[in-house]
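Asks: Give me coordinates for this.
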Amino acid sequence: MDGKNWLSMCVAVCAASSFAAEPLPKNAGFETPGANGKGAANWSLYNNGEWSVMRGVGRNGTSAVQCADVGKGGWTTQWVELEPGKAYRVEGWIRTEDVDGSGVCFDFSWHDAYGTRIGTAATQPRVKGTAPWTKVELEAFVPPSAAKRCLLGMPVTGNAKGKAWFDDLRIVPVDLPPIGQFISGAYRNRAAEGPVTFHVALNAQKAEIASRGYHGRFAVTKVLAGKPKTAYLAAVPSADDPRELSATVEALSLPLGKSIVKFELLDGKGKKIAEKSIEFTRTEAPETKGVRIDARGIARIDGKPFFPLGMFMWKASPEKIDHYAKGPFNCLMPYAEPTKAEMDYVHSKGLKMIYTLKDCYDGLGGAKARGITDRASEEAYITRHVAEFKDHPALLAWYINDELGLDWIKQLTAHRDLFERLDPDHPTWVAHYMVEDIRSHLPGFDVIGSDPYPICQTGDPPISQVMEHTRITRKGVFGARAMWQIPQAFDWGGYRVKDKDKTRPPTYDEMRNMAWQFIAEGSNGLIFYSYSSWEKMKWRTPPEEMWKRVCRVGEEVKAKIPVFLSDEPAPAVARLTDDGCVRAWRKDGEVWLLAVNPTYRPKVVEFALEGFGQRRSVSLPSLGVWFGKIEN
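Replies: Numbers count the residues shown, from 1 in each chain. Predicted structure coming up:
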């Protein structure tokens, strides 16, 4: 979504081929002065008058970095060498004086080849108030794709105040638990019938898996001859990644009610290395009340399929809704928590609402204004709002996280679990641009939306970043969670004021191409960002022009929704072109194919389609999109 309203001191980290033998970061205690005796060697201090290296104020009377006013932000940077594909612990010490808001911490993140941040974590605890030197730490996995930067920072809310001191940073490699995320492909681990696939990720490297003969099995309770009995299913490695394993079982073979499904990791001699369990529920009949996600990742409202097509906006006021309702959209996601009158008005226009409760976390800037000061008041606030709106006919889903990082994962998971208890009839949806973190966030959402915004983004990524990030997102959820992706419909100049002369909004062709990239890579919903952002750049592009562009794209997508929602089994399709997107459906016995060229040059997109021969192709122009019936 839009840039967060927080400021940070940051340490940028460059990922290279091997972990350096020397301690990292260099000059971790800021003892060695920089050029001309100012600052600290190896560090670059942000020059806003608030950041400095102070002698004699460190943990042991040594040096420390001081921020005299955390509310004015700034940062300090240093490049170090790390090894991608490894996990690290970041440690440091923080002292504060009269710091309010969410407090300060070290924030650690990593970037893709274009400089886009794709993952983040922050140290705990966040330090605020007036606190003595406090040790904080985090552990994070730097993925193999993170070939550029990692970031170590101290985020504070925009309205924060107070002083903070930072000292004695340390980055060391660590080992992760052998078993990572373990989920089922069933919505909220519940099913009455049909195949259910269980997925698990290993944290070991590919070479280690091969050399040690690691393999696994799932232990499930099956009803055999009327009696429950433990059955073992071999865990099958993914063809693309041996660190991902799965097994499929028929739901009808499982006992009614709750049961435990266990994954066991074994070495080459059959010795159990580790195990992990989840709870699965077999229901007596398929659950259709409210909004649920089916086995194909399609939303169903009271059993009927639904493709969310909408936009973010700031506030769902009647005058905005009157205009918005003239477009091709069937839902919206306002940032301001809607009132009952607004929900009623949206419903009167035939629209669905994704209701936001994304700011209900103790420590976020907007929490205190909501009376949230601890976990108990978080839960009370959410409980009141869910009770008021869970039965409203306009409600589509709950929006519970807007880009919060891994340091929030315990609260995010607790909130998702709370929403399920309070309202089992509506899913939770979250947005993440940090796509490499999505697997770690799996316990914190039911539906995911990732939001690459490549047009004039810092680092100038290609428009195919949409395809790339959606593939990473799909892989992150094992292909087992619904995706409502978030296309760019705004000008970055509205958020990066200093660069506004270098930016522009997406053209119609670019906006169209990005939307179809998302769909071709598996998205079953699109929520464009953002209806309310156009005012910031109206001096360059009139809002009505942006509205025409996004509506034109939306009308084209809307026309194909009956195909997307067909219940007929789709033929398998395999792309044979790395930088091309393909997806297939079957409706009324006819096969439909979508092919997208995510480049600015003409391209032949090749694919193999079940039942239609070994190899076929579509020739597409720059940013071309083809959607049509396939004939033998």
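
Asks: I'd assumed residue 92 was in contact with residue 165.
Replies: No - in this structure, residue 165 is not within contact of residue 92 by Cβ atoms under 8 Å, at 10.9 Å. From N, CA and C alone the C-beta is placed, and that goes for glycine too.

Asks: in stretch 290-305, what's buried?
Replies: By 16 or more other Cβ atoms under 10 Å, the buried positions in stretch 290-305 come out as 290-295, 297-301, 305.

Asks: Residue ranges in the stretch 101-250 of the chain under the pLDDT threshold?
Replies: In the prediction, the stretch 101-250 of the chain carries residues with pLDDT under 70 at positions 147-149, 151-159.

Asks: Helices of that one, start to end?
Replies: Using DSSP state H, counting those that start in this stretch, the helices assigned to the stretch 101-250 of the chain run over residues 206-212.

Asks: same question, the stretch 351-500 of the chain
Replies: Per DSSP H, counting those that start in this stretch, the stretch 351-500 of the chain carries helices over the ranges 375-389, 409-422, 465-476.

Asks: In the first one, which residues are buried?
Replies: When burial is assessed from 16+ other Cβ under 10 Å, helix 375-389 yields the following buried residues: 377-379, 381-382, 385-386, 389.

Asks: Tell me who's in contact with residue 53.
Replies: Taking Cβ atoms under 8 Å, 6 or more residues apart in numbering, we find residue 53 in contact with 30, 33-34, 38-40, 43, 45, 63-66.

Asks: ditto for residue 322
Replies: Listed by Cβ under 8 Å, 6+ apart, the contact partners of residue 322 are residue 349.

Asks: likewise residue 220?
Replies: By Cβ under 8 Å, 6+ apart, the neighbours of residue 220 are 230-231, 233, 249, 254, 259, 261-262.

Asks: The nearest residue to residue 85 once chain neighbours are set aside - how many residues pack around it?
Replies: Sequence neighbours aside, residue 144 is the residue nearest to residue 85 in space, at 4.2 Å (criterion: Cβ to Cβ, 6 or more residues apart in numbering). Residue 144: 14 surrounding residues under other Cβ atoms under 10 Å.

Asks: Pull up the gap between residue 497 and residue 169, please.
Replies: 31 Å (Cβ to Cβ, to the nearest Å).

Asks: More neighbours: which of the two?
Replies: Between residue 497 and residue 169, residue 169 has the larger neighbour count (other Cβ under 10 Å), namely 22 against 9.

Asks: My understanding was that that one contacts residue 89; is that so?
Replies: No - between residue 169 and residue 89 there is no contact, the gap being 11.4 Å when judged by Cβ under 8 Å.

Asks: pLDDT at the nearest residue to residue 611 once chain neighbours are set aside, what is it?
Replies: Leaving aside its chain neighbours, residue 611 sits nearest to residue 571 (5.6 Å; criterion: Cβ to Cβ, 6+ apart). Model confidence at residue 571, given as pLDDT, is 94.

Asks: do the same with residue 368
Replies: pLDDT for residue 368: 85.

Asks: Use 729 as the first number for this chain going forward.
Replies: From this message on, residue numbering opens at 729, which makes the last subject residue 1096.

Asks: JSON lines for the helices of the stretch 1079-1228 of the chain, including mean pLDDT and distance to residue 834?
Replies: Listed next are those as JSON lines, based on pLDDT from 0 to 100; distance: least, Cβ to Cβ, whole Å:
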{"stretch": "helix 1103-1117", "mean pLDDT": "97", "distance to residue 834": "23"}
{"stretch": "helix 1137-1150", "mean pLDDT": "96", "distance to residue 834": "17"}
{"stretch": "helix 1193-1204", "mean pLDDT": "96", "distance to residue 834": "24"}
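
Asks: Among those helices, single out whichever gets nearest to residue 778.
Replies: The minimum distance between residue 778 and those falls on helix 1137-1150, with 29.6 Å, by Cβ to Cβ.

Asks: Extract the C-alpha set from the closest one and format it as CSV.
Replies: C-alpha atoms of helix 1137-1150 as CSV (Å, rounded to 0.1, in the frame of the first residue of the first chain):
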residue,chain,number,x,y,z
ILE,A,1137,3.7,-12.0,13.6
LYS,A,1138,2.5,-13.1,17.1
GLN,A,1139,-0.1,-10.3,17.2
LEU,A,1140,-1.1,-10.8,13.5
THR,A,1141,-1.6,-14.5,14.2
ALA,A,1142,-3.6,-13.8,17.4
HIS,A,1143,-5.8,-11.3,15.5
ARG,A,1144,-6.5,-13.8,12.6
ASP,A,1145,-7.4,-16.5,15.2
LEU,A,1146,-9.6,-13.9,17.0
PHE,A,1147,-11.5,-13.0,13.9
GLU,A,1148,-12.1,-16.6,13.1
ARG,A,1149,-13.6,-17.2,16.6
LEU,A,1150,-15.7,-14.1,16.5
